[in-house]
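Undergrad: mind looking at a prediction? Sequence and model below.
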Amino acid sequence: MSEYSATADAFRAMAHEIVWCSVATVDPDGRPRTRILHPYWDWEDDRLVGWIGTGPTPVKRAALDRTPSASVSYWAPTHDTCAADCAASWHFDDETRRRVWDTFIGLPSPVGYDPAIVPAWSEGPSGDAFAALRLDPYRLRVFPGSILLTGAGTPLTWHS
């Protein structure tokens, strides 16, 4: 198994266990901004790709239009952490939005859920309030909490 595959597999496993993450972007004035989001991670053509169903708010759109990157960070009470620095791209086409929506429905809980529970998304995946945000990592880091607590374990880092 390659360094990339090992790190990406460990990242995906930890991210799907923790589920919610802090996502940081840079606003048009160069200031960081964070929010809590719920991605899923999957393999596409031998690359790990993240997908987020989210509202394309003016704040998010302005940040990603200026700097199309996001830093995604997960933390668990066990001090397990993992992070992905990514290129980020909006997808507004109905086919991609429907695929992301349906994937969330089909994934096991807690990563999987029905996006229709979000009141703002009452029009479904083709409504203006729902967009698919794709994350293409260029750096992954997985840091088991056991390293801090017992000295056991090894952090994994990969970058393109």
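TA: That came through fine.
Undergrad: secondary structure class of residue 99, three-state.
TA: Following DSSP: H, G, I helix; E, B strand; the rest coil, the label given to residue 99 is helix.
Undergrad: going forward can the numbers begin at 606, since that is how I track them
TA: All right, first residue 606 from here; so that's residue 704.
Undergrad: how about it, what does it touch?
TA: When contacts are counted by C-beta atoms under 8 Å, 6 or more residues apart in numbering, residue 704 touches residue 737. Heads up, the C-betas are built off the backbone N, CA and C, glycines and all.
Undergrad: and residue 637, by the same measure?
TA: Under the criterion of C-beta under 8 Å, 6+ apart, the contact list for residue 637 reads 629-631.
Undergrad: looking at these, spot the one nearest residue 763.
TA: Minimum distance to residue 763 across the contacts of residue 637 is 19.5 Å, recorded for residue 629 (C-beta to C-beta).
Undergrad: pull the residues that contact the helix or strand that closest one falls within.
TA: Taking DSSP states H and E as the criterion, residue 629 maps to strand 626-631. Strand 626-631 is contacted by residues 620, 637-644, 657, 665, 668-669, 671-672, 674-680, 693 when judged by C-beta under 8 Å, 6+ apart.
Undergrad: and it, what's buried?
TA: Burial within strand 626-631, assessed by neighbour count using 16 or more other C-beta atoms under 10 Å, is assigned to 626, 628-631.
Undergrad: likewise for stretch 712-724?
TA: Using 16+ other C-beta under 10 Å as the test for burial, stretch 712-724 gives 716, 718, 720.
Undergrad: isn't the first one up against residue 624?
TA: I take that to be residue 716. Yes - contact between residue 716 and residue 624 holds when scored by C-beta atoms under 8 Å: they sit 5.9 Å apart.
Undergrad: if we can go back for a sec, next SSE downstream of the strand holding residue 629?
TA: Along the chain past strand 626-631, the next helix or strand (assigned with DSSP H and E) turns out to be strand 637-642.
Undergrad: can you give me the buried ones in that next one?
TA: Neighbour counts over strand 637-642 (16+ other C-beta under 10 Å) mark residue 642 as buried.
Undergrad: that strand pairs with which strands?
TA: The sheet places strand 637-642 alongside strand 626-631 (antiparallel), with pairing taken from DSSP bridges.
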